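*Asks:* Fold the following.
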Amino acid sequence: MQQNNLGSNEDDQTAQGRTLSEPIEAVIDEIEKSVHGIAAITLSHPLPNEEMHPMEIIVHTDGRRKPMFDPMQDVTATEAVIDIKDGDQVGILYDIHIRTDDPVVTETVNITPVYRSDDVGQADPITVEDGLDRLRWKLGKTRDEIQSALREEQ
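*Replies:* Here you go, the predicted structure:
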């Protein structure tokens, strides 16, 4: 998928109807650059073979500073493009939410922690690379396959 080009002579009504697609890695990178004190990043996401709905990117901060973040969806609907298996890609619209609540989120079929800091004491840290690999794995599986794997891991 390629980023949609918004011509400078288009009016705002037309621009708002466009979707800006960017790789999930770029979305996470922009969050890491824009938000200070990130304790964890969790995705609440649909599965491709089920009813699609926007993904929530939840950024858990350490709560010491009020986060300053201007969501990237100001003019267009924004979708994260995620590579899954065999070169396939899925584009999922997303919203970003910043919270100062508990960064230890339990993984489920539709919830994937994609980053957790070393400073979070109640759970193991997760690198962005490992978290995104886990997300890609889930997006290539069925709900039953994911549930079975999660049960085995417990």
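*Asks:* Tell me who's in contact with Glu22.
*Replies:* Gln3, Thr78, Glu79, Ala80, Val81 (CB atoms under 8 Å, 6 or more residues apart in numbering). All C-beta spots, glycine's among them, are computed from the backbone N, C-alpha and C.
*Asks:* Pick out the lowest-pLDDT one from those.
*Replies:* Note: of the contacts of Glu22, the lowest pLDDT belongs to Gln3, at 32.
*Asks:* in this structure, which spans are strands?
*Replies:* 19-23, 38-44, 55-61, 77-83, 89-99, 111-116 (DSSP state E).
*Asks:* Make CSV out of those strands and add distance to Glu153.
*Replies:* Supplementary listing: the strands of the chain in CSV, determined by distance: least, CB to CB, whole Å:
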stretch, distance to Glu153
strand 19-23, 27
strand 38-44, 17
strand 55-61, 22
strand 77-83, 22
strand 89-99, 23
strand 111-116, 13
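*Asks:* Of all those strands, which one comes closest to Thr142?
*Replies:* The closest of the strands of the chain to Thr142 is strand 89-99. By CB to CB, the value is 14.3 Å.
*Asks:* What helices and strands are in contact with the closest one?
*Replies:* With contacts defined as 3 or more CB pairs under 8 Å, 6 or more residues apart in numbering; DSSP states H and E, strand 89-99 has these neighbours: strand 19-23, strand 55-61, strand 77-83.
*Asks:* Compare those strands and give me the one nearest Gln154.
*Replies:* Comparing the helices and strands packed on strand 89-99 by CB to CB, strand 55-61 comes nearest, at 22.4 Å.
*Asks:* Which strands border that closest one, and is each parallel or antiparallel?
*Replies:* strand 38-44 (antiparallel), strand 89-99 (parallel) (DSSP bridges).
*Asks:* Give me whichever of those strands is most buried.
*Replies:* strand 38-44 (a mean of 23; mean count of other CB atoms under 10 Å).
*Asks:* what about that one, distance to the chain center?
*Replies:* 8 Å (CA atoms, centre = their mean, to the nearest Å).
*Asks:* Go through the helices and strands packed on strand 89-99 and pick out the most buried.
*Replies:* That would be strand 55-61, which, of the helices and strands packed on strand 89-99, has the most neighbours on average (mean count of other CB under 10 Å), namely a mean of 21.
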